[in-house]
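> Okay, sequence plus prediction incoming.
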Amino acid sequence: MDRIRIRGGRTLKGNIAIGGAKNAALPLMATALLTDQGVTLTNAPALSDVVTMGALLAQHGLRVEHDKRGQRIRLEGEVTNFEAPYDLVRKMRASILVLGPLLARYRQARVSLPGGCAIGTRPVDLHLKGLEAMGAKIDLEAGYIDASAPDGLKGAKILFPQVSVGATENLLMAATLARGTTTLVNAAREPEICDLATCLVSMGAQIEGIGSDRLVIEGVDSLQGTTHPILPDRIEAGTFACAAAITGGEVLLEGVRLEIFGACAANLREAGVELVQEDAGLRVARVDGLRGVDAVTEPFPGFATDMQAQFMALMSVAEGAAMITETIFENRFMHVPELTRMGARINAHGSSAIVRGVSRLTGAPVMATDLRASVSLIIAGLAAQGDTVVNRVYHLDRGYERVDEKLAGVGADIQRLRE
Ligand SMILES: CC(=O)N[C@H]1[C@@H](OP(=O)(O)OP(=O)(O)OC[C@H]2O[C@@H](n3ccc(=O)[nH]c3=O)[C@H](O)[C@@H]2O)O[C@H](CO)[C@@H](O)[C@@H]1O
Ligand SMILES: C=C(OP(=O)(O)O)C(=O)O
(Lines give C-alpha, C1' and ligand atoms only; values in the text may rest on other atoms or scores of the structure.)
(Ligands and ions follow the chains in the order given, each with its own letter.)
Protein backbone atom coordinates (compact mmCIF):
# COMPACT_ATOMS: atom_id res chain seq x y z
CA MET A 1 0.00 0.00 0.00
CA ASP A 2 1.38 3.47 -0.92
CA ARG A 3 2.70 5.81 1.75
CA ILE A 4 3.45 9.53 1.73
CA ARG A 5 6.71 10.93 3.05
CA ILE A 6 6.95 14.58 4.04
CA ARG A 7 10.15 16.37 5.03
CA GLY A 8 9.02 19.34 7.11
CA GLY A 9 10.27 22.91 7.10
CA ARG A 10 9.48 24.20 3.59
CA THR A 11 7.36 27.35 3.18
CA LEU A 12 4.53 26.87 0.67
CA LYS A 13 4.22 29.48 -2.07
CA GLY A 14 2.34 29.51 -5.38
CA ASN A 15 -0.99 28.63 -6.99
CA ILE A 16 -3.04 25.51 -6.30
CA ALA A 17 -5.78 24.33 -8.66
CA ILE A 18 -8.78 23.20 -6.60
CA GLY A 19 -10.78 20.29 -7.97
CA GLY A 20 -14.52 19.70 -8.06
CA ALA A 21 -16.07 18.79 -4.70
CA LYS A 22 -16.21 15.09 -3.80
CA ASN A 23 -19.35 15.65 -1.74
CA ALA A 24 -21.10 17.31 -4.69
CA ALA A 25 -19.84 14.89 -7.35
CA LEU A 26 -21.27 11.79 -5.63
CA PRO A 27 -24.93 12.93 -5.37
CA LEU A 28 -24.68 14.62 -8.78
CA MET A 29 -23.67 11.30 -10.33
CA ALA A 30 -26.76 9.70 -8.77
CA THR A 31 -29.03 12.20 -10.61
CA ALA A 32 -28.39 10.19 -13.80
CA LEU A 33 -30.76 7.56 -12.34
CA LEU A 34 -33.59 10.12 -12.57
CA THR A 35 -33.56 10.62 -16.36
CA ASP A 36 -33.33 8.58 -19.56
CA GLN A 37 -31.49 11.40 -21.32
CA GLY A 38 -28.11 11.27 -19.58
CA VAL A 39 -26.15 13.64 -17.37
CA THR A 40 -22.74 15.14 -18.13
CA LEU A 41 -20.66 16.47 -15.24
CA THR A 42 -17.67 18.73 -15.80
CA ASN A 43 -14.94 19.75 -13.34
CA ALA A 44 -15.12 16.23 -11.85
CA PRO A 45 -12.35 15.36 -9.38
CA ALA A 46 -10.16 12.29 -10.04
CA LEU A 47 -10.89 10.45 -6.79
CA SER A 48 -11.35 6.83 -5.87
CA ASP A 49 -14.83 7.63 -4.46
CA VAL A 50 -15.86 8.95 -7.88
CA VAL A 51 -14.59 5.72 -9.45
CA THR A 52 -16.56 3.68 -6.87
CA MET A 53 -19.75 5.67 -7.56
CA GLY A 54 -19.17 5.11 -11.31
CA ALA A 55 -18.81 1.35 -10.71
CA LEU A 56 -21.99 1.31 -8.63
CA LEU A 57 -24.01 3.12 -11.30
CA ALA A 58 -22.50 0.94 -14.04
CA GLN A 59 -23.59 -2.24 -12.28
CA HIS A 60 -27.11 -0.75 -12.04
CA GLY A 61 -27.00 -0.56 -15.85
CA LEU A 62 -25.80 2.98 -16.71
CA ARG A 63 -23.03 3.65 -19.21
CA VAL A 64 -20.35 5.63 -17.38
CA GLU A 65 -17.70 7.34 -19.49
CA HIS A 66 -14.80 9.45 -18.17
CA ASP A 67 -12.66 11.57 -20.48
CA LYS A 68 -8.89 10.99 -20.39
CA ARG A 69 -8.22 13.37 -17.50
CA GLY A 70 -11.34 12.17 -15.67
CA GLN A 71 -12.72 15.72 -15.52
CA ARG A 72 -15.80 15.07 -17.66
CA ILE A 73 -18.14 12.24 -16.80
CA ARG A 74 -21.05 11.15 -18.96
CA LEU A 75 -23.68 8.93 -17.34
CA GLU A 76 -26.53 7.56 -19.40
CA GLY A 77 -28.84 4.58 -19.76
CA GLU A 78 -31.61 2.58 -18.17
CA VAL A 79 -31.39 0.70 -14.90
CA THR A 80 -31.46 -3.06 -15.32
CA ASN A 81 -30.37 -4.08 -11.82
CA PHE A 82 -31.95 -2.54 -8.73
CA GLU A 83 -29.49 -3.85 -6.17
CA ALA A 84 -26.57 -1.86 -4.69
CA PRO A 85 -24.36 -4.68 -3.39
CA TYR A 86 -22.51 -4.79 -0.08
CA ASP A 87 -19.09 -5.00 -1.77
CA LEU A 88 -19.47 -1.52 -3.26
CA VAL A 89 -21.56 0.10 -0.51
CA ARG A 90 -19.09 -0.90 2.20
CA LYS A 91 -16.34 0.97 0.32
CA MET A 92 -18.30 4.20 0.22
CA ARG A 93 -21.24 5.24 2.38
CA ALA A 94 -22.50 7.75 -0.21
CA SER A 95 -23.72 4.70 -2.19
CA ILE A 96 -26.94 5.09 -0.17
CA LEU A 97 -27.71 8.04 -2.48
CA VAL A 98 -28.98 5.66 -5.18
CA LEU A 99 -31.91 4.68 -2.95
CA GLY A 100 -34.10 7.79 -3.38
CA PRO A 101 -33.64 8.08 -7.17
CA LEU A 102 -34.22 4.33 -7.79
CA LEU A 103 -37.40 4.33 -5.72
CA ALA A 104 -38.70 7.52 -7.30
CA ARG A 105 -38.19 6.46 -10.91
CA TYR A 106 -38.35 2.66 -10.83
CA ARG A 107 -40.40 2.14 -7.65
CA GLN A 108 -38.00 -0.45 -6.30
CA ALA A 109 -34.50 -0.71 -4.84
CA ARG A 110 -32.42 -3.08 -2.77
CA VAL A 111 -29.45 -1.34 -1.18
CA SER A 112 -26.96 -2.78 1.29
CA LEU A 113 -27.04 -1.02 4.66
CA PRO A 114 -23.84 1.06 4.78
CA GLY A 115 -23.02 0.24 8.40
CA GLY A 116 -20.76 2.36 10.58
CA CYS A 117 -17.32 3.67 9.77
CA ALA A 118 -14.25 4.92 11.58
CA ILE A 119 -15.77 8.30 12.49
CA GLY A 120 -19.10 7.08 13.87
CA THR A 121 -22.09 4.75 13.66
CA ARG A 122 -23.72 6.86 10.95
CA PRO A 123 -27.23 5.37 10.79
CA VAL A 124 -29.51 5.98 7.79
CA ASP A 125 -32.81 6.09 9.71
CA LEU A 126 -33.62 9.63 8.54
CA HIS A 127 -33.31 8.56 4.88
CA LEU A 128 -35.62 5.57 5.50
CA LYS A 129 -38.22 7.42 7.61
CA GLY A 130 -38.44 10.16 4.98
CA LEU A 131 -38.98 7.67 2.17
CA GLU A 132 -41.61 5.85 4.25
CA ALA A 133 -43.40 9.17 4.77
CA MET A 134 -43.44 9.43 0.96
CA GLY A 135 -45.22 6.09 0.71
CA ALA A 136 -42.33 3.62 0.37
CA LYS A 137 -42.49 0.23 2.03
CA ILE A 138 -39.17 -0.57 3.63
CA ASP A 139 -37.93 -3.86 5.07
CA LEU A 140 -34.50 -4.53 6.50
CA GLU A 141 -33.36 -8.02 5.72
CA ALA A 142 -29.96 -9.74 5.79
CA GLY A 143 -28.11 -6.42 5.89
CA TYR A 144 -30.09 -4.96 2.99
CA ILE A 145 -32.73 -2.26 2.66
CA ASP A 146 -35.58 -3.71 0.58
CA ALA A 147 -37.67 -0.80 -0.62
CA SER A 148 -40.66 -0.59 -2.90
CA ALA A 149 -43.33 1.94 -3.85
CA PRO A 150 -45.71 0.09 -6.19
CA ASP A 151 -47.90 3.17 -6.65
CA GLY A 152 -44.97 5.58 -6.87
CA LEU A 153 -43.76 8.03 -4.25
CA LYS A 154 -46.03 10.84 -3.09
CA GLY A 155 -45.16 14.24 -1.69
CA ALA A 156 -44.97 14.65 2.10
CA LYS A 157 -43.93 17.18 4.72
CA ILE A 158 -40.75 15.92 6.33
CA LEU A 159 -39.28 17.56 9.41
CA PHE A 160 -35.73 16.39 10.06
CA PRO A 161 -35.09 16.09 13.82
CA GLN A 162 -31.38 16.50 13.04
CA VAL A 163 -29.64 18.08 10.06
CA SER A 164 -28.42 15.42 7.64
CA VAL A 165 -26.62 16.13 4.38
CA GLY A 166 -27.20 12.67 2.90
CA ALA A 167 -30.86 12.37 3.96
CA THR A 168 -31.60 15.83 2.53
CA GLU A 169 -29.97 14.81 -0.77
CA ASN A 170 -31.73 11.44 -1.00
CA LEU A 171 -35.17 12.90 -0.26
CA LEU A 172 -34.60 15.92 -2.50
CA MET A 173 -33.82 13.64 -5.45
CA ALA A 174 -36.73 11.34 -4.63
CA ALA A 175 -39.16 14.28 -4.33
CA THR A 176 -38.39 15.58 -7.83
CA LEU A 177 -40.35 12.66 -9.34
CA ALA A 178 -42.91 12.14 -6.54
CA ARG A 179 -46.60 13.00 -7.00
CA GLY A 180 -47.42 16.35 -5.37
CA THR A 181 -45.48 18.62 -3.04
CA THR A 182 -42.69 17.62 -0.69
CA THR A 183 -41.48 20.03 1.98
CA LEU A 184 -38.15 19.33 3.69
CA VAL A 185 -37.87 21.26 6.96
CA ASN A 186 -34.57 21.63 8.85
CA ALA A 187 -32.86 20.53 5.65
CA ALA A 188 -29.09 20.68 5.30
CA ARG A 189 -27.90 23.70 3.30
CA GLU A 190 -24.30 22.84 2.50
CA PRO A 191 -23.05 24.37 -0.79
CA GLU A 192 -23.01 20.83 -2.24
CA ILE A 193 -26.77 20.58 -1.65
CA CYS A 194 -27.31 23.88 -3.47
CA ASP A 195 -25.19 22.50 -6.32
CA LEU A 196 -27.31 19.34 -6.45
CA ALA A 197 -30.56 21.34 -6.37
CA THR A 198 -29.29 23.67 -9.12
CA CYS A 199 -28.44 20.66 -11.29
CA LEU A 200 -31.89 19.12 -10.66
CA VAL A 201 -33.57 22.41 -11.64
CA SER A 202 -31.58 22.37 -14.90
CA MET A 203 -33.09 18.90 -15.47
CA GLY A 204 -36.60 20.34 -15.09
CA ALA A 205 -37.17 19.81 -11.35
CA GLN A 206 -39.27 22.38 -9.48
CA ILE A 207 -37.49 23.33 -6.27
CA GLU A 208 -37.92 26.40 -4.10
CA GLY A 209 -35.85 27.53 -1.16
CA ILE A 210 -32.44 26.54 -2.52
CA GLY A 211 -29.79 27.70 -0.03
CA SER A 212 -32.26 27.71 2.89
CA ASP A 213 -33.17 25.03 5.43
CA ARG A 214 -36.67 24.65 3.93
CA LEU A 215 -36.89 23.08 0.50
CA VAL A 216 -40.23 22.82 -1.31
CA ILE A 217 -40.30 20.43 -4.23
CA GLU A 218 -43.20 20.05 -6.63
CA GLY A 219 -42.92 16.64 -8.29
CA VAL A 220 -42.82 16.42 -12.10
CA ASP A 221 -43.51 13.44 -14.42
CA SER A 222 -40.01 13.20 -15.86
CA LEU A 223 -36.65 14.92 -15.88
CA GLN A 224 -34.45 15.74 -18.85
CA GLY A 225 -30.69 15.41 -19.29
CA THR A 226 -28.22 18.16 -18.45
CA THR A 227 -24.60 19.26 -18.38
CA HIS A 228 -23.48 20.58 -15.01
CA PRO A 229 -20.13 21.93 -13.70
CA ILE A 230 -19.30 20.60 -10.21
CA LEU A 231 -18.55 23.35 -7.70
CA PRO A 232 -15.01 23.65 -6.25
CA ASP A 233 -14.17 21.53 -3.21
CA ARG A 234 -14.31 23.79 -0.14
CA ILE A 235 -12.77 21.09 2.05
CA GLU A 236 -9.82 20.57 -0.30
CA ALA A 237 -9.43 24.36 -0.39
CA GLY A 238 -9.63 24.65 3.41
CA THR A 239 -7.10 21.84 3.76
CA PHE A 240 -4.59 23.67 1.56
CA ALA A 241 -5.30 26.89 3.47
CA CYS A 242 -4.25 25.12 6.69
CA ALA A 243 -1.23 23.61 4.92
CA ALA A 244 -0.03 27.01 3.69
CA ALA A 245 -0.72 28.65 7.06
CA ILE A 246 1.18 26.08 9.12
CA THR A 247 4.30 26.73 6.99
CA GLY A 248 3.94 30.54 7.17
CA GLY A 249 3.41 30.55 3.40
CA GLU A 250 1.17 32.18 0.83
CA VAL A 251 -0.94 30.39 -1.80
CA LEU A 252 -3.66 31.27 -4.26
CA LEU A 253 -6.50 28.72 -4.20
CA GLU A 254 -7.64 28.97 -7.80
CA GLY A 255 -11.35 29.39 -8.51
CA VAL A 256 -12.37 29.42 -4.82
CA ARG A 257 -14.90 31.91 -3.43
CA LEU A 258 -14.68 32.81 0.26
CA GLU A 259 -18.43 32.27 0.87
CA ILE A 260 -18.16 28.48 0.57
CA PHE A 261 -15.86 28.39 3.62
CA GLY A 262 -18.73 29.24 5.98
CA ALA A 263 -17.63 29.83 9.57
CA CYS A 264 -14.19 28.28 8.93
CA ALA A 265 -13.13 31.59 7.38
CA ALA A 266 -13.67 33.46 10.68
CA ASN A 267 -11.74 30.82 12.66
CA LEU A 268 -8.82 30.96 10.24
CA ARG A 269 -8.72 34.76 10.33
CA GLU A 270 -8.88 34.87 14.10
CA ALA A 271 -5.98 32.41 14.17
CA GLY A 272 -3.89 34.86 12.12
CA VAL A 273 -4.48 33.57 8.59
CA GLU A 274 -5.15 36.23 5.94
CA LEU A 275 -7.89 35.37 3.42
CA VAL A 276 -8.26 37.78 0.52
CA GLN A 277 -10.72 37.29 -2.31
CA GLU A 278 -9.20 37.93 -5.73
CA ASP A 279 -10.73 37.48 -9.19
CA ALA A 280 -8.69 34.32 -9.79
CA GLY A 281 -9.42 32.76 -6.42
CA LEU A 282 -8.76 33.03 -2.70
CA ARG A 283 -5.34 34.22 -1.52
CA VAL A 284 -4.26 32.65 1.78
CA ALA A 285 -1.25 33.95 3.69
CA ARG A 286 0.23 33.96 7.15
CA VAL A 287 2.58 36.76 7.97
CA ASP A 288 2.67 36.73 11.79
CA GLY A 289 2.40 33.96 14.38
CA LEU A 290 -0.60 31.66 14.80
CA ARG A 291 -2.99 32.15 17.71
CA GLY A 292 -5.05 29.43 19.41
CA VAL A 293 -8.74 29.72 18.49
CA ASP A 294 -11.66 27.54 19.61
CA ALA A 295 -13.85 25.77 17.05
CA VAL A 296 -17.16 23.93 17.32
CA THR A 297 -18.30 21.82 14.37
CA GLU A 298 -21.82 22.45 13.09
CA PRO A 299 -23.88 21.98 9.93
CA PHE A 300 -23.20 24.62 7.24
CA PRO A 301 -22.74 27.57 7.55
CA GLY A 302 -21.08 26.51 10.83
CA PHE A 303 -17.54 25.19 11.10
CA ALA A 304 -17.35 22.01 8.94
CA THR A 305 -16.65 18.72 10.67
CA ASP A 306 -14.64 17.80 7.55
CA MET A 307 -12.19 20.62 8.47
CA GLN A 308 -11.86 19.77 12.16
CA ALA A 309 -8.77 17.53 11.94
CA GLN A 310 -6.90 19.92 9.66
CA PHE A 311 -7.67 22.90 11.93
CA MET A 312 -6.51 20.88 14.93
CA ALA A 313 -3.17 20.21 13.21
CA LEU A 314 -2.83 23.97 12.64
CA MET A 315 -3.72 24.75 16.26
CA SER A 316 -1.10 22.28 17.49
CA VAL A 317 1.62 24.87 16.71
CA ALA A 318 -0.37 28.02 17.60
CA GLU A 319 0.42 30.26 20.55
CA GLY A 320 -1.95 29.56 23.44
CA ALA A 321 -4.73 26.99 23.65
CA ALA A 322 -7.64 25.99 21.44
CA MET A 323 -10.71 24.02 22.49
CA ILE A 324 -12.06 21.98 19.59
CA THR A 325 -15.52 20.46 19.93
CA GLU A 326 -16.94 17.88 17.53
CA THR A 327 -20.74 17.83 17.53
CA ILE A 328 -21.50 15.94 14.31
CA PHE A 329 -19.73 12.59 14.66
CA GLU A 330 -19.10 10.73 17.92
CA ASN A 331 -15.67 9.35 17.04
CA ARG A 332 -13.82 11.91 14.97
CA PHE A 333 -10.63 12.42 17.00
CA MET A 334 -8.56 9.54 15.58
CA HIS A 335 -5.88 12.03 14.56
CA VAL A 336 -5.32 13.05 18.20
CA PRO A 337 -3.08 10.12 19.24
CA GLU A 338 -1.10 10.37 15.99
CA LEU A 339 -0.61 14.16 16.29
CA THR A 340 0.46 13.53 19.88
CA ARG A 341 3.11 11.10 18.61
CA MET A 342 4.44 14.02 16.57
CA GLY A 343 4.82 16.12 19.73
CA ALA A 344 1.45 17.88 19.81
CA ARG A 345 -0.06 18.52 23.26
CA ILE A 346 -3.70 17.52 22.96
CA ASN A 347 -6.11 16.17 25.57
CA ALA A 348 -9.34 14.78 24.20
CA HIS A 349 -12.25 14.12 26.50
CA GLY A 350 -15.66 13.18 25.12
CA SER A 351 -16.53 15.47 22.26
CA SER A 352 -13.90 18.12 23.06
CA ALA A 353 -10.16 18.36 22.76
CA ILE A 354 -7.88 20.96 24.28
CA VAL A 355 -4.89 21.74 22.10
CA ARG A 356 -1.98 23.54 23.77
CA GLY A 357 0.29 24.87 21.07
CA VAL A 358 3.93 23.73 20.97
CA SER A 359 6.79 25.53 19.27
CA ARG A 360 7.79 22.53 17.16
CA LEU A 361 6.43 19.17 16.03
CA THR A 362 8.71 16.28 15.16
CA GLY A 363 8.31 13.93 12.20
CA ALA A 364 7.20 10.33 12.85
CA PRO A 365 5.66 7.35 11.07
CA VAL A 366 1.89 7.82 11.48
CA MET A 367 -1.33 6.27 10.31
CA ALA A 368 -4.94 7.31 10.31
CA THR A 369 -8.18 5.50 9.72
CA ASP A 370 -10.11 8.17 7.87
CA LEU A 371 -9.71 10.73 5.16
CA ARG A 372 -9.46 14.02 7.05
CA ALA A 373 -7.45 12.53 9.91
CA SER A 374 -4.91 11.34 7.31
CA VAL A 375 -4.58 14.74 5.69
CA SER A 376 -4.19 16.43 9.08
CA LEU A 377 -1.04 14.35 9.55
CA ILE A 378 0.34 15.63 6.24
CA ILE A 379 -0.34 19.20 7.43
CA ALA A 380 1.47 18.50 10.70
CA GLY A 381 4.31 16.87 8.76
CA LEU A 382 4.82 20.03 6.68
CA ALA A 383 5.71 21.94 9.84
CA ALA A 384 7.52 19.14 11.67
CA GLN A 385 11.24 18.75 12.07
CA GLY A 386 12.42 15.71 10.12
CA ASP A 387 10.49 13.09 8.17
CA THR A 388 6.86 12.08 8.59
CA VAL A 389 5.57 9.00 6.78
CA VAL A 390 1.79 8.72 6.48
CA ASN A 391 0.64 5.14 6.00
CA ARG A 392 -2.66 3.86 4.55
CA VAL A 393 -2.80 6.44 1.80
CA TYR A 394 -5.94 4.89 0.29
CA HIS A 395 -8.02 7.00 2.68
CA LEU A 396 -6.46 10.13 1.16
CA ASP A 397 -7.11 8.95 -2.39
CA ARG A 398 -10.84 8.78 -1.59
CA GLY A 399 -11.02 12.54 -1.26
CA TYR A 400 -7.82 14.25 -2.41
CA GLU A 401 -6.76 14.37 -6.02
CA ARG A 402 -2.94 14.14 -6.36
CA VAL A 403 -2.45 15.73 -2.92
CA ASP A 404 1.29 15.02 -3.01
CA GLU A 405 1.75 16.59 -6.46
CA LYS A 406 -0.33 19.64 -5.57
CA LEU A 407 1.69 20.28 -2.41
CA ALA A 408 5.01 19.61 -4.17
CA GLY A 409 3.90 22.15 -6.80
CA VAL A 410 3.93 24.90 -4.16
CA GLY A 411 7.27 23.89 -2.66
CA ALA A 412 6.58 21.09 -0.19
CA ASP A 413 9.16 18.32 0.12
CA ILE A 414 6.67 15.47 -0.26
CA GLN A 415 6.80 12.17 -2.06
CA ARG A 416 4.47 9.23 -2.63
CA LEU A 417 6.29 6.00 -1.87
CA ARG A 418 4.71 3.43 -4.19
CA GLU A 419 4.54 -0.16 -3.15
C1 LIG B 1 -20.54 12.19 0.84
C2 LIG B 1 -20.80 13.29 1.78
O3 LIG B 1 -21.40 14.30 1.43
N4 LIG B 1 -20.34 13.16 3.02
C5 LIG B 1 -20.52 14.21 3.97
C6 LIG B 1 -21.88 14.09 4.60
O7 LIG B 1 -21.98 12.81 5.19
P8 LIG B 1 -23.40 12.24 5.63
O9 LIG B 1 -24.42 12.67 4.64
O10 LIG B 1 -23.24 10.79 5.90
O11 LIG B 1 -23.60 13.02 7.01
P12 LIG B 1 -24.95 13.48 7.69
O13 LIG B 1 -25.10 14.95 7.54
O14 LIG B 1 -26.07 12.63 7.22
O15 LIG B 1 -24.66 13.13 9.22
C16 LIG B 1 -24.78 14.09 10.25
C17 LIG B 1 -25.11 13.39 11.54
O18 LIG B 1 -26.44 12.85 11.45
C19 LIG B 1 -26.45 11.48 11.80
N20 LIG B 1 -27.48 10.81 10.98
C21 LIG B 1 -27.46 10.96 9.63
C22 LIG B 1 -28.41 10.32 8.85
C23 LIG B 1 -29.38 9.53 9.48
O24 LIG B 1 -30.25 8.92 8.83
N25 LIG B 1 -29.36 9.41 10.84
C26 LIG B 1 -28.43 10.04 11.61
O27 LIG B 1 -28.45 9.92 12.84
C28 LIG B 1 -25.03 11.01 11.47
O29 LIG B 1 -24.69 9.82 12.17
C30 LIG B 1 -24.20 12.19 11.90
O31 LIG B 1 -24.00 12.16 13.29
O32 LIG B 1 -22.06 15.13 5.57
C33 LIG B 1 -21.12 15.05 6.67
C34 LIG B 1 -21.48 16.15 7.65
O35 LIG B 1 -21.24 17.39 7.10
C36 LIG B 1 -19.70 15.16 6.15
O37 LIG B 1 -18.80 14.93 7.20
C38 LIG B 1 -19.43 14.13 5.04
O39 LIG B 1 -18.19 14.43 4.41
C1 LIG C 1 -16.60 11.91 6.09
C2 LIG C 1 -16.31 12.18 4.83
O3 LIG C 1 -16.80 11.54 3.74
P4 LIG C 1 -17.86 10.34 3.64
O5 LIG C 1 -19.18 10.86 4.06
O6 LIG C 1 -17.84 10.02 2.18
O7 LIG C 1 -17.35 9.23 4.52
C8 LIG C 1 -15.40 13.30 4.45
O9 LIG C 1 -15.40 13.68 3.26
O10 LIG C 1 -14.66 13.81 5.32
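Nice, thanks for sending it over. Ligands and ions are numbered 1, 2, ... in the order given.

> from here on, contacts and neighbour counts on C-alpha atoms
Noted.

> who in the chain is up against ligand 1?
Residues of the chain lying close to ligand 1 (CA under 6 Å from any ligand atom) are 23, 94, 121-127, 164-167, 305-306, 328-329.

> following the helix or strand bottoming out on mean pLDDT in the chain, which helix or strand comes up?
Within the chain, confidence by mean pLDDT, DSSP states H and E is lowest for helix 394-399 among all helices and strands, at a mean of 92. Toward the C-terminus, helix 394-399 is succeeded by helix 403-408 as the next helix or strand (DSSP states H and E).

> And that next one, what does it pack against?
Under the contact criterion of 3 or more CA pairs under 8 Å, 6 or more residues apart in numbering; DSSP states H and E, helix 403-408 touches strand 413-417.

> ok, and for the strand it packs on, which residues are buried?
Of the residues in strand 413-417, those scored as buried under the neighbour-count criterion (16 or more other CA atoms under 10 Å) are D413, I414, Q415, R416.

> Tabulate the residues you listed in TSV, adding columns for pLDDT.
Listed next are the buried residues of strand 413-417 as TSV, based on pLDDT from 0 to 100:
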residue	pLDDT
D413	98
I414	98
Q415	97
R416	96
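
> Now that I324 has come up, it's in contact with V296, right?
Yes: taking CA atoms under 8 Å as the definition, I324 is a contact partner of V296 at 5.9 Å.

> picking up where we left off before, could you turn the buried ones of the residues of the chain next to ligand 1 into a PyMOL selection?
What follows is the PyMOL syntax selecting those of the residues of the chain next to ligand 1 that are buried according to 16+ other CA under 10 Å:
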select buried, resi 23+94+124+126+127+164+165+166+167+305+306+328
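
> In helices, which of the residues of the chain next to ligand 1 fall?
Judged by DSSP state H, helices contain the following of those: N23, D125, L126, H127, V165, G166, A167.

> Contact residues of the stretch 1-150 of the chain facing ligand 2?
Within the stretch 1-150 of the chain, the positions adjacent to ligand 2 are R93, A94 by CA under 6 Å from any ligand atom.

> any idea where the helices of the stretch 1-150 of the chain begin and end?
According to DSSP state H, counting those that start in this stretch, the stretch 1-150 of the chain carries its helices in the segments 22-30, 48-60, 86-89, 99-106, 125-133.

> For N391, give me the backbone phi and psi.
Dihedral pair for N391: phi -90, psi 170, per degrees, to the nearest 10.

> Quick check: residues of the stretch 201-350 of the chain near ligand 2?
Counting by CA under 6 Å from any ligand atom, the positions of the stretch 201-350 of the chain adjacent to ligand 2 are D306.

> residues contacting the residue in the chain positioned nearest to ligand 2?
Evaluated by CA to the nearest ligand atom, the chain has D306 as its residue closest to ligand 2, separated by 4.6 Å. With contacts defined as CA atoms under 8 Å, 6 or more residues apart in numbering, D306 is in contact with I235, R372.

> Return the per-residue confidence for it.
According to the prediction, D306 has pLDDT 98.

> Over to the one 5 residues further on?
Reading off the confidence values, F311 has pLDDT 98.

> ok, the closest residue to it other than its chain neighbours - how many residues close by?
For F311, the nearest residue in space outside its immediate sequence neighbours is C242; the separation is 6.6 Å by CA to CA, 6 or more residues apart in numbering. Look at C242: counted by other CA atoms under 10 Å, it has 27 neighbours.

> Would you agree C242 is in contact with A380?
No: under the contact definition of CA under 8 Å, C242 does not touch A380, with a separation of 9.6 Å.

> which neighbours do the two share?
Common neighbours of C242 and A380, using CA under 8 Å, 6+ apart, are L314.

> List the contacts of I6.
Neighbouring residues of I6 by CA under 8 Å, 6+ apart: I378, G381, L382, D387, T388, V389, A412, D413, I414, Q415.

> Now flag whichever of those residues is closest to ligand 1.
Within the contacts of I6, the smallest distance to ligand 1 is 18.7 Å, found for I378 (CA to the nearest ligand atom).

> where does the closest one fall, helix, sheet strand or coil?
Three-state call for I378 (DSSP: H, G, I helix; E, B strand; the rest coil): helix.

> got the contact list for it?
Neighbouring residues of I378 by CA under 8 Å, 6+ apart: I6, T388, V390.

> Verify the stated contact: the last one with M367.
Yes: V390 is within contact range of M367, at 5.5 Å (criterion: CA under 8 Å).

> Those two: which has the busier surroundings?
When neighbours are counted by other CA under 10 Å, V390 comes out ahead of the other of V390 and M367, with 24 against 20.

> Just list what the helix or strand containing the more buried one packs against, helices and strands only.
Using DSSP H and E, V390 sits in strand 387-391. Strand 387-391 makes packing contacts with strand 3-7, strand 365-367, helix 371-383 when contacts are defined by 3+ CA pairs under 8 Å, 6+ apart.

> among these, which is the most enclosed?
Burial of the helices and strands packed on strand 387-391 is given as mean neighbour count (mean count of other CA atoms under 10 Å); helix 371-383 ranks first at a mean of 28.

> quick one: T176 and I210, what's the gap?
Here the criterion is CA to CA, to the nearest Å. By it, T176 lies 14 Å from I210.

> Many thanks, have a good one.
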